[in-house]
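S.K.: Okay, here's the prediction I keep looking at, along with the sequence it came from:
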Amino acid sequence: MLQVNENRQKIIKTIPPHVELVAVSKNKTDDDILELYKHGHRVFGESKVQELVPKYENLPGDIKWHMVGHLQRNKVKYIAPFIDMIESVDSLKLLKEIDKEAGKNNRTIKCLFQIHIAEEESKFGMSFDDVCQIFDGDDYKNMNNVSVVGLMGMATFTDDENQVRKEFKTLKSIFDKLKEKYFKSDDDFSEISMGMSNDYIIGIEEGSTMVRIGTALFGER
Ligand SMILES: *Cc1c(COP(=O)(O)O)cnc(C)c1O
(Lines give C-alpha, C1' and ligand atoms only; values in the text may rest on other atoms or scores of the structure.)
Protein backbone atom coordinates (compact mmCIF):
# COMPACT_ATOMS: atom_id res chain seq x y z
CA MET A 1 0.00 0.00 0.00
CA LEU A 2 2.97 2.33 0.56
CA GLN A 3 3.37 2.03 -3.18
CA VAL A 4 0.24 4.14 -3.72
CA ASN A 5 1.85 7.32 -2.48
CA GLU A 6 5.07 6.57 -4.35
CA ASN A 7 3.00 6.23 -7.50
CA ARG A 8 1.33 9.54 -6.74
CA GLN A 9 4.67 11.28 -6.27
CA LYS A 10 5.89 9.95 -9.61
CA ILE A 11 2.72 11.00 -11.41
CA ILE A 12 2.72 14.47 -9.84
CA LYS A 13 6.21 15.05 -11.28
CA THR A 14 4.76 14.57 -14.76
CA ILE A 15 1.79 16.92 -14.24
CA PRO A 16 2.05 20.71 -14.49
CA PRO A 17 0.68 22.63 -11.47
CA HIS A 18 -2.46 23.83 -13.28
CA VAL A 19 -3.57 20.23 -13.95
CA GLU A 20 -5.70 18.60 -11.23
CA LEU A 21 -5.09 14.95 -10.39
CA VAL A 22 -8.35 13.13 -9.72
CA ALA A 23 -7.50 9.83 -8.01
CA VAL A 24 -10.03 7.36 -9.39
CA SER A 25 -10.61 5.00 -6.46
CA LYS A 26 -13.38 2.77 -7.83
CA ASN A 27 -13.09 -0.84 -6.60
CA LYS A 28 -10.48 0.32 -4.08
CA THR A 29 -10.87 0.21 -0.29
CA ASP A 30 -11.26 2.98 2.26
CA ASP A 31 -7.70 2.18 3.41
CA ASP A 32 -6.32 2.71 -0.10
CA ILE A 33 -7.99 6.12 -0.17
CA LEU A 34 -6.77 7.02 3.34
CA GLU A 35 -3.22 6.18 2.30
CA LEU A 36 -3.33 9.03 -0.23
CA TYR A 37 -5.42 11.23 2.04
CA LYS A 38 -2.84 11.17 4.79
CA HIS A 39 -0.25 12.42 2.30
CA GLY A 40 -2.47 15.38 1.49
CA HIS A 41 -4.51 14.17 -1.46
CA ARG A 42 -8.12 15.36 -1.42
CA VAL A 43 -9.72 14.84 -4.85
CA PHE A 44 -11.10 11.38 -5.55
CA GLY A 45 -13.24 10.04 -8.39
CA GLU A 46 -15.81 7.25 -8.30
CA SER A 47 -17.95 5.76 -11.05
CA LYS A 48 -20.81 4.11 -9.12
CA VAL A 49 -23.26 5.78 -6.75
CA GLN A 50 -23.63 2.65 -4.60
CA GLU A 51 -19.87 2.61 -4.01
CA LEU A 52 -19.48 6.36 -3.62
CA VAL A 53 -22.11 6.91 -0.91
CA PRO A 54 -20.63 4.52 1.70
CA LYS A 55 -17.14 5.87 1.01
CA TYR A 56 -18.40 9.40 1.55
CA GLU A 57 -20.01 8.30 4.81
CA ASN A 58 -16.91 6.48 6.11
CA LEU A 59 -14.14 8.84 5.03
CA PRO A 60 -13.08 12.38 6.04
CA GLY A 61 -15.50 15.16 5.19
CA ASP A 62 -13.00 17.38 3.38
CA ILE A 63 -12.52 14.93 0.51
CA LYS A 64 -13.74 16.37 -2.79
CA TRP A 65 -15.66 13.63 -4.56
CA HIS A 66 -16.02 13.62 -8.34
CA MET A 67 -18.57 11.41 -10.05
CA VAL A 68 -16.90 10.22 -13.25
CA GLY A 69 -19.12 7.33 -14.37
CA HIS A 70 -22.47 7.19 -16.11
CA LEU A 71 -25.12 8.59 -13.76
CA GLN A 72 -28.78 7.59 -13.77
CA ARG A 73 -31.26 10.32 -12.98
CA ASN A 74 -32.93 8.38 -10.17
CA LYS A 75 -29.62 8.19 -8.30
CA VAL A 76 -28.75 11.89 -8.35
CA LYS A 77 -30.55 12.46 -5.05
CA TYR A 78 -28.13 10.19 -3.18
CA ILE A 79 -25.03 12.20 -4.08
CA ALA A 80 -26.51 15.72 -4.37
CA PRO A 81 -25.90 16.53 -0.67
CA PHE A 82 -22.12 16.21 -0.96
CA ILE A 83 -20.76 15.69 -4.49
CA ASP A 84 -18.18 18.31 -5.52
CA MET A 85 -18.30 17.75 -9.27
CA ILE A 86 -20.23 15.55 -11.69
CA GLU A 87 -17.94 15.02 -14.69
CA SER A 88 -20.29 12.80 -16.67
CA VAL A 89 -23.34 14.92 -17.50
CA ASP A 90 -24.56 13.60 -20.82
CA SER A 91 -28.12 14.93 -21.24
CA LEU A 92 -30.36 17.90 -20.51
CA LYS A 93 -32.64 15.65 -18.46
CA LEU A 94 -29.76 14.67 -16.20
CA LEU A 95 -28.63 18.29 -15.81
CA LYS A 96 -32.19 19.30 -14.84
CA GLU A 97 -32.33 16.57 -12.21
CA ILE A 98 -28.96 17.65 -10.77
CA ASP A 99 -30.18 21.26 -10.64
CA LYS A 100 -33.37 20.20 -8.83
CA GLU A 101 -31.61 18.01 -6.25
CA ALA A 102 -28.82 20.55 -5.69
CA GLY A 103 -31.53 23.15 -5.03
CA LYS A 104 -33.14 20.95 -2.38
CA ASN A 105 -29.75 20.87 -0.66
CA ASN A 106 -29.14 24.60 -1.07
CA ARG A 107 -26.01 23.87 -3.07
CA THR A 108 -24.48 24.56 -6.44
CA ILE A 109 -22.99 21.48 -8.07
CA LYS A 110 -20.16 21.86 -10.54
CA CYS A 111 -20.74 19.86 -13.73
CA LEU A 112 -18.78 18.88 -16.81
CA PHE A 113 -20.52 17.92 -20.02
CA GLN A 114 -19.25 14.57 -21.27
CA ILE A 115 -18.47 14.74 -24.97
CA HIS A 116 -18.38 11.66 -27.16
CA ILE A 117 -14.97 11.65 -28.83
CA ALA A 118 -14.11 7.94 -29.04
CA GLU A 119 -14.75 5.59 -31.91
CA GLU A 120 -16.43 3.03 -29.68
CA GLU A 121 -20.21 3.24 -29.76
CA SER A 122 -20.45 2.31 -26.10
CA LYS A 123 -18.92 5.42 -24.60
CA PHE A 124 -21.47 7.93 -23.39
CA GLY A 125 -21.44 11.57 -24.31
CA MET A 126 -22.88 14.43 -26.31
CA SER A 127 -21.88 16.29 -29.46
CA PHE A 128 -21.08 19.99 -29.90
CA ASP A 129 -24.61 20.51 -31.28
CA ASP A 130 -26.22 18.73 -28.32
CA VAL A 131 -24.42 21.09 -25.96
CA CYS A 132 -25.40 24.18 -27.98
CA GLN A 133 -29.03 23.08 -27.77
CA ILE A 134 -28.75 22.97 -23.99
CA PHE A 135 -27.03 26.36 -23.66
CA ASP A 136 -29.52 27.97 -26.07
CA GLY A 137 -32.59 26.53 -24.35
CA ASP A 138 -34.83 28.09 -21.72
CA ASP A 139 -34.41 25.16 -19.34
CA TYR A 140 -30.73 25.98 -18.89
CA LYS A 141 -31.38 29.67 -18.37
CA ASN A 142 -33.70 28.82 -15.48
CA MET A 143 -31.19 26.65 -13.63
CA ASN A 144 -29.74 28.19 -10.47
CA ASN A 145 -28.01 25.28 -8.77
CA VAL A 146 -25.62 23.90 -11.38
CA SER A 147 -22.46 25.46 -12.71
CA VAL A 148 -21.18 24.01 -15.99
CA VAL A 149 -17.44 24.51 -15.68
CA GLY A 150 -16.15 22.57 -18.67
CA LEU A 151 -16.01 19.31 -20.58
CA MET A 152 -14.93 15.70 -20.07
CA GLY A 153 -14.08 13.09 -22.67
CA MET A 154 -12.68 9.59 -22.96
CA ALA A 155 -10.52 8.59 -25.89
CA THR A 156 -10.77 5.25 -27.68
CA PHE A 157 -9.04 2.42 -25.81
CA THR A 158 -6.18 1.80 -28.24
CA ASP A 159 -2.38 1.72 -28.48
CA ASP A 160 -2.60 4.08 -31.45
CA GLU A 161 -1.29 7.34 -29.99
CA ASN A 162 -2.26 9.31 -33.05
CA GLN A 163 -5.85 8.21 -32.73
CA VAL A 164 -5.97 9.24 -29.05
CA ARG A 165 -4.27 12.56 -29.81
CA LYS A 166 -6.73 13.28 -32.61
CA GLU A 167 -9.67 12.64 -30.29
CA PHE A 168 -8.24 14.87 -27.55
CA LYS A 169 -7.67 17.62 -30.14
CA THR A 170 -11.33 17.29 -31.07
CA LEU A 171 -12.37 17.75 -27.43
CA LYS A 172 -10.11 20.80 -27.06
CA SER A 173 -11.53 22.39 -30.20
CA ILE A 174 -15.11 21.77 -29.03
CA PHE A 175 -14.18 23.39 -25.72
CA ASP A 176 -12.68 26.41 -27.51
CA LYS A 177 -15.76 26.85 -29.71
CA LEU A 178 -18.15 26.66 -26.74
CA LYS A 179 -16.00 29.05 -24.73
CA GLU A 180 -16.04 31.55 -27.60
CA LYS A 181 -19.78 31.19 -28.16
CA TYR A 182 -21.13 31.15 -24.59
CA PHE A 183 -18.44 31.98 -22.03
CA LYS A 184 -16.24 34.60 -23.62
CA SER A 185 -16.03 36.72 -20.49
CA ASP A 186 -16.74 33.95 -17.97
CA ASP A 187 -13.67 32.34 -16.42
CA ASP A 188 -15.73 29.61 -14.74
CA PHE A 189 -15.89 27.60 -17.97
CA SER A 190 -12.29 26.48 -17.79
CA GLU A 191 -11.93 22.73 -17.26
CA ILE A 192 -11.07 20.03 -19.78
CA SER A 193 -11.00 16.63 -18.09
CA MET A 194 -9.10 14.34 -20.42
CA GLY A 195 -6.53 11.65 -19.76
CA MET A 196 -6.49 8.38 -17.82
CA SER A 197 -3.62 6.11 -16.72
CA ASN A 198 -2.45 5.18 -20.18
CA ASP A 199 -3.10 8.42 -22.06
CA TYR A 200 -2.87 11.31 -19.57
CA ILE A 201 0.48 12.56 -20.90
CA ILE A 202 -1.10 13.00 -24.32
CA GLY A 203 -4.12 14.60 -22.65
CA ILE A 204 -1.94 17.19 -20.95
CA GLU A 205 -0.04 17.90 -24.17
CA GLU A 206 -3.39 18.57 -25.84
CA GLY A 207 -4.70 20.97 -23.20
CA SER A 208 -6.13 18.91 -20.35
CA THR A 209 -6.68 20.68 -17.02
CA MET A 210 -7.79 17.56 -15.13
CA VAL A 211 -6.61 13.95 -15.36
CA ARG A 212 -8.55 10.98 -13.96
CA ILE A 213 -6.08 8.32 -12.90
CA GLY A 214 -6.87 4.96 -11.29
CA THR A 215 -4.66 2.03 -12.32
CA ALA A 216 -1.38 3.97 -12.40
CA LEU A 217 -1.99 5.04 -8.78
CA PHE A 218 -3.66 2.10 -7.12
CA GLY A 219 -2.61 -0.80 -9.38
CA GLU A 220 -4.85 -3.08 -11.43
CA ARG A 221 -8.46 -3.34 -10.36
C1 LIG B 1 -12.02 4.06 -14.36
C2 LIG B 1 -12.06 5.41 -14.95
C3 LIG B 1 -10.91 6.20 -15.02
C4 LIG B 1 -9.54 5.72 -14.57
O5 LIG B 1 -9.05 4.76 -15.45
P6 LIG B 1 -7.56 4.17 -15.31
O7 LIG B 1 -7.28 3.63 -16.67
O8 LIG B 1 -7.62 3.12 -14.27
O9 LIG B 1 -6.66 5.29 -14.94
C10 LIG B 1 -11.02 7.47 -15.55
N11 LIG B 1 -12.19 7.97 -15.99
C12 LIG B 1 -13.33 7.23 -15.94
C13 LIG B 1 -14.58 7.84 -16.44
C14 LIG B 1 -13.30 5.95 -15.42
O15 LIG B 1 -14.44 5.23 -15.39
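M.R.: Everything's here; your move. No experiment lies behind these values; they were computed from the predicted model shown.
S.K.: which helices and strands does the worst-scoring helix or strand of the chain on mean pLDDT pack with?
M.R.: When the helices and strands of the chain are compared on mean pLDDT, DSSP states H and E, helix 2-13 comes out lowest with a mean of 92. Under the contact criterion of 3 or more C-beta pairs under 8 Å, 6 or more residues apart in numbering; DSSP states H and E, helix 2-13 touches strand 20-24, helix 30-37, helix 215-218. The C-beta positions use only the backbone N, C-alpha and C, and glycine is treated the same way.
S.K.: is it possible to export those to TSV including distance to the ligand and mean neighbour count?
M.R.: Shown next, in TSV, are those (distance: least, C-beta to the nearest ligand atom, whole Å; neighbours: other C-beta atoms under 10 Å):
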stretch	distance to the ligand	mean neighbour count
strand 20-24	4	22
helix 30-37	13	17
helix 215-218	3	20
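S.K.: As a markdown table, the ones you listed with mean pLDDT would be great.
M.R.: What follows is the helices and strands packed on helix 2-13, written out as a markdown table (pLDDT from 0 to 100):
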| stretch | mean pLDDT |
| --- | --- |
| strand 20-24 | 98 |
| helix 30-37 | 96 |
| helix 215-218 | 96 |
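S.K.: which one of those lies closest to S88?
M.R.: strand 20-24 (12.1 Å; C-beta to C-beta).
S.K.: The least confident helix or strand of the chain vs strand 20-24, what angle?
M.R.: 150 degrees (axes from the mean of the first three to the mean of the last three C-alpha atoms, to 10 degrees).
S.K.: Identify the residues contacting helix 2-13?
M.R.: L21, A23, D32, E35, L36, H39, H41, I213, A216, L217, F218, G219 (C-beta atoms under 8 Å, 6 or more residues apart in numbering).
S.K.: Give me the phi and psi angles of the last one.
M.R.: Its backbone dihedrals place G219 at phi 90, psi 180, with angles given as degrees, to the nearest 10.
S.K.: Count the neighbours of it for me.
M.R.: G219 is flanked by 13 other residues according to other C-beta atoms under 10 Å.
S.K.: Around the ligand, which positions in this structure sit nearby?
M.R.: 24, 26, 47, 68-69, 154, 196-197, 212-216 (C-beta under 6 Å from any ligand atom).
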